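Participant: curious how this folds, go ahead:
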Amino acid sequence: LYSGPAFIWAEVCCGLLTWLRKPFILTLHGGNLPAFAQQNPRRVRRLLRSAAAVTAPSAYLQQALNPLRPDIRWIPNPLALKDYPFKERGLPEPRLVWLRAFHRIYNPNLAVKVLAHLLPNLPSVQLLMVGPDKGDGSLQDTQRLANELGVQGRLQILGAVPKQEVPAILQRGDIFLNTTNFDNTPVSVLEAMACGLGVVSTNVGGLPYLLEHEVDSLLVPPD
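Facilitator: Residues are numbered from 1 along each chain as shown. Presented below is the predicted three-dimensional model:
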C-alpha cells in the first residue's frame, strides 16, 4: 500500500477482493504514506480496516498509522550481514556514494550540490551515483546541474546495477549520501551501514527513528 495515485489502485483491488469475499493482507510502504493518511484519514482508515491484517516494514509506519489501525504488525526487512562485508574506515576519504533511483522524491540534485560545496576544501572529493532512471527528467537535471556547477569531472553516474553488485559498489566509497525528500526505512541506508560507510542523510520520514531504534533488529548476524 503506497500513497498518491497508487492508493487508488489499492482501493480498487481491495474493493474487488472484499466483494469476492477473499481475505487479504496489506503491507504499508512509502515515506509519504503518513502525510497522505493525515490528509485522507477516512479513506485510509476504511481501507486498512477492510484488510484481514496489516503489516509494516518499519516501526515508523507502524506507529504513524496506528491511530487508523491499532493492530498493525511490524515485520522488518532484515539484512544478512554475510552478504555485506564490513570495512572499518578509520580515516575516511571524501569518496561519496549515492544509491537510489533517479526520481524527484530522492532529490539527486542535492547530491551534486553537496559535491560542489565540498570541492573547494576537498579537491580530491568524488561522487558515485547509482540507480535506475525513473523517467521524470531527474537524471537529465542531475547531469545538467553537474555541468553548470563545474563538477562533472568529479561525478560518475553508473545507472542501475544488479542487486548482487551493490556491496562491491558501496565499498568504492567511504561516505553514503541519502538525499531523499520522503523516506521510510531505506534498504540502501542499511546496506551502507552494514558495509561500514558513514551515512549522511536528510532528516525525513522514518530515518531518525531507524537510526535511533531499529538498526540492531534489522541487521541479522551471519550464522
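Participant: any stretches of the chain with poor pLDDT?
Facilitator: Along the chain, segments meeting pLDDT under 70 span 206, 208-223.
Participant: look up how far V199 lies from the residue sitting nearest the centre point of the chain.
Facilitator: The centroid of the chain falls nearest to P186 when counting by Cα atoms, centre = their mean (3.1 Å). In this view, P186 and V199 are 10 Å apart by Cβ to Cβ, to the nearest Å. Where C-beta positions appear, they are placed from N, C-alpha and C, glycine not excepted.
Participant: check K134 too.
Facilitator: Distance, K134 to V199, by Cβ to Cβ: 23 Å.
Participant: not counting sequence-adjacent ones, nearest residue to P94?
Facilitator: V125 (3.9 Å; Cβ to Cβ, 6 or more residues apart in numbering).
Participant: surely the one you found touches R154?
Facilitator: Yes. Using Cβ atoms under 8 Å, V125 is in contact with R154, at 6.1 Å.
Participant: overlap of the contact sets of these two?
Facilitator: L115, L119 (Cβ atoms under 8 Å, 6 or more residues apart in numbering).
Participant: mind listing what the residue lying closest to R73 once chain neighbours are set aside touches?
Facilitator: Distances taken as Cβ to Cβ, 6+ apart put T55 closest to R73, at 4.9 Å, once the chain neighbours are dropped. Contacts for T55 (Cβ under 8 Å, 6+ apart) come out as I25, L26, T27, L28, I72, R73, W74, I75.
Participant: need the three-state assignment for T55.
Facilitator: With DSSP: H, G, I helix; E, B strand; the rest coil as the basis, T55 sits in strand.
Participant: please report the distance of it from K113.
Facilitator: In terms of Cβ to Cβ, T55 sits 37 Å off from K113.
Participant: restricting to C-alpha, output the longest helix seen in the chain in CSV.
Facilitator: Criterion DSSP state H: the longest helix present in the chain is helix 5-19. Extracted as CSV, the C-alpha positions of helix 5-19 are listed here (Å, rounded to 0.1, in the frame of the first residue of the first chain):
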residue,chain,number,x,y,z
PRO,A,5,-2.2,7.6,-7.3
ALA,A,6,-1.1,4.1,-6.2
PHE,A,7,-3.6,4.3,-3.3
ILE,A,8,-6.5,4.5,-5.8
TRP,A,9,-5.3,1.3,-7.4
ALA,A,10,-5.2,-0.4,-3.9
GLU,A,11,-8.7,0.8,-3.2
VAL,A,12,-10.0,-0.8,-6.4
CYS,A,13,-8.2,-4.1,-5.8
CYS,A,14,-9.2,-4.3,-2.2
GLY,A,15,-12.8,-3.4,-3.1
LEU,A,16,-12.9,-6.2,-5.6
LEU,A,17,-11.4,-8.7,-3.1
THR,A,18,-13.9,-7.6,-0.5
TRP,A,19,-16.8,-8.1,-3.0
